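Undergrad: This is the structure alone, sequence omitted:
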Ligand SMILES: NC(=O)c1ccc[n+]([C@@H]2O[C@H](COP(=O)([O-])OP(=O)(O)OC[C@H]3O[C@@H](n4cnc5c(N)ncnc54)[C@H](OP(=O)(O)O)[C@@H]3O)[C@@H](O)[C@H]2O)c1
């Protein structure tokens with residue numbers, strides 16, 4: 001079959017013929033119609049992800065046809081019994097197991113779900129990993145409540161935009177940060193009340209001025225800018241970290257954390273229950289994933305370059321031939 005195959009470190013994957021290993025063939029076979037990129041795929045391409053092995057078919061997100069049904073696959077597999085944390089058997093589709101950017105993906109039946117009926121193939125392909133991560137970070141870990149003020153950082157990101165749509169559906173007051181004023185305007189058109197550009201010197205002060213303080217922060221950047229969240233967050237507030245794009249957090253001030261009674265929480269993808277609840281939420285609220293761009297699968301290199309440029313607003317999708 002044809003697949004987006006990564007064969008060596010620090011080079012883009014190739015769209016090429018690949019004979020999948022025999023042991024995959026005892027699993028369920030899904031004919032993929034569309035797949036989508038996550039930042040994870042780019043970290044793997046750059047060699048900046050734990051447990052990289054070659055060759056590997058990339059892709060955690062995909063929509064396909066299985067036994068005549070339109071299906072998506074939960075990329076968070078073997079979570080285990082404890083809702084609080086994944087088991088040591090937890091694995092993510094697209095490394096270590098071959099992923100969705102191919103003619104077919106092979107997986108176990110328990111990870112196959114019907115597509116919410118209001119979604120197109122492209123929208124369905126965009127949903128799984130980002131939707132799951134945003135849902136758990138916001139509702140399960142962050143305990144988001146109607147009427148609260150939420151800050152979602154880096155709103156151009158795939159996960160961040162799901163969080164924005166979920167927060168709107170949940171009746172929250174939404175603020176965002178971004179490197180781009182244009183993206184902030186787009187976020188407002190999707191329901192954000194306000195936003196600030198994190199490239200400006202005094203962005204934290206600007207955010208306090210427009211919001212009056214934030215109850216829940218969802219962040220995937222961390223790094224130097226993180227310390228500003230301690231100024232912005234209200235007493236009793238929660239900060240949920242689901243990524244570390246900008247690296248280590250410096251200047252954590254313990255006195256602010258304990259005096260303001262803050263909770264700093266980590267979140268990774270989600271359990272099977274989280275995935276089911278996320279699908280139900282998307283169906284109930286008729287949420288349509290924000291799509292930045294759609295490429296033919298053979299043009300996958302351009303899609304990876306788009307993500308690398310950071311220019312995207314929403315999900316980058318690859319579409320298979322004949323779909
Ligand atoms: N733990 C998990 O389960 C999990 C799951 C999914 C993703 N992640 C991690 O979360 C991060 C985002 O993933 P994604 O797939 O949504 O990526 P993405 O679609 O490529 O988006 C990345 C976004 O990060 C934002 N960003 C960059 N520097 C920033 C900064 N200094 N402050 C605030 N935002 C900044 C940018 O927002 P603007 O363009 O608006 O500036 C950019 O759009 C990645 O690090 C990824 O590995 C973790």
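TA: Structure's in. What do you need? What you are looking at is a predicted structure, and each value in this text was computed from that prediction instead of being measured.
Undergrad: who are the neighbours in contact with the spatially most central residue of the chain?
TA: Centroid-nearest residue in the chain, with Cα atoms, centre = their mean: residue 130, separated by 2.6 Å. By Cβ atoms under 8 Å, 6 or more residues apart in numbering, the contact list for residue 130 reads 38, 61, 158-159, 161-162, 289, 315. Bear in mind the C-beta positions are built from the backbone N, C-alpha and C, glycine included.
Undergrad: What mean pLDDT does the strand or helix carrying residue 129 get?
TA: Using DSSP states H and E, residue 129 sits in helix 128-135. Averaging pLDDT along helix 128-135 yields 98.
Undergrad: Within range of the ligand, give me the residues from this protein.
TA: The chain comes close to the ligand at residues 38-40, 43, 129-130, 133, 153-160, 177-180, 183, 198, 220-221, 223, 225, 242-243, 245-246, 268-269, 307, 310, as judged by Cβ under 6 Å from any ligand atom.
Undergrad: now, which of these lie within strands?
TA: 177-178 (DSSP state E).
Undergrad: what's in contact with the helix or strand that contains residue 229?
TA: Taking DSSP H and E as the criterion, residue 229 maps to helix 229-232. Helix 229-232 is contacted by residues 151, 204-205, 207-208, 211, 213-214, 217, 219, 239, 253, 256-257, 260, 262 when judged by Cβ under 8 Å, 6+ apart.
Undergrad: Likewise for stretch 212-219?
TA: Contacts for stretch 212-219 (Cβ under 8 Å, 6+ apart): 134, 137-138, 142-145, 148-154, 160, 163, 172, 175, 207, 226, 229, 232-234, 236-243.
Undergrad: what comes up buried for that stretch?
TA: Going by neighbour count (16 or more other Cβ atoms under 10 Å), the buried part of stretch 212-219 is 214-219.
Undergrad: what about residue 206, which SS state?
TA: Secondary structure of residue 206, reduced to three states by DSSP: H, G, I helix; E, B strand; the rest coil: helix.
Undergrad: residue in the stretch 201-323 of the chain nearest to the ligand?
TA: Going by Cβ to the nearest ligand atom, the ligand is nearest to residue 243 of the stretch 201-323 of the chain, at 2.5 Å.
Undergrad: Now the closest residue in space to that residue that isn't next to it in sequence: phi and psi?
TA: Closest residue to residue 243 apart from its sequence neighbours, by Cβ to Cβ, 6 or more residues apart in numbering: residue 220 at 2.9 Å. Torsion angles at residue 220 (phi, psi; degrees, to the nearest 10) stand at phi -130, psi 10.
Undergrad: cool, and residue 82?
TA: Main-chain torsions, residue 82, degrees, to the nearest 10: phi -90, psi 110.
Undergrad: count of neighbours near it?
TA: Around residue 82 there are 9 other residues, counting by other Cβ atoms under 10 Å.
Undergrad: before we move on, what about the one 10 residues further on?
TA: Residues lying near residue 92 (other Cβ under 10 Å) number 21.
Undergrad: again with the one 4 residues further on
TA: Residue 96 sits with 12 neighbouring residues when counted by other Cβ under 10 Å.
Undergrad: Check residue 306 too.
TA: By the measure other Cβ under 10 Å, the count of residues near residue 306 is 16.
Undergrad: And the contacts of residue 130, which two are furthest apart?
TA: 61 and 161 (13.9 Å; Cβ to Cβ).
Undergrad: Looking at those two, which is more packed in?
TA: Set residue 61 next to residue 161 and count neighbours by other Cβ under 10 Å: residue 61 wins out with 33 against 29.
Undergrad: From what I see, that one and residue 129 are in contact.
TA: Yes - taking Cβ atoms under 8 Å as the definition, residue 61 is a contact partner of residue 129 at 5.3 Å.
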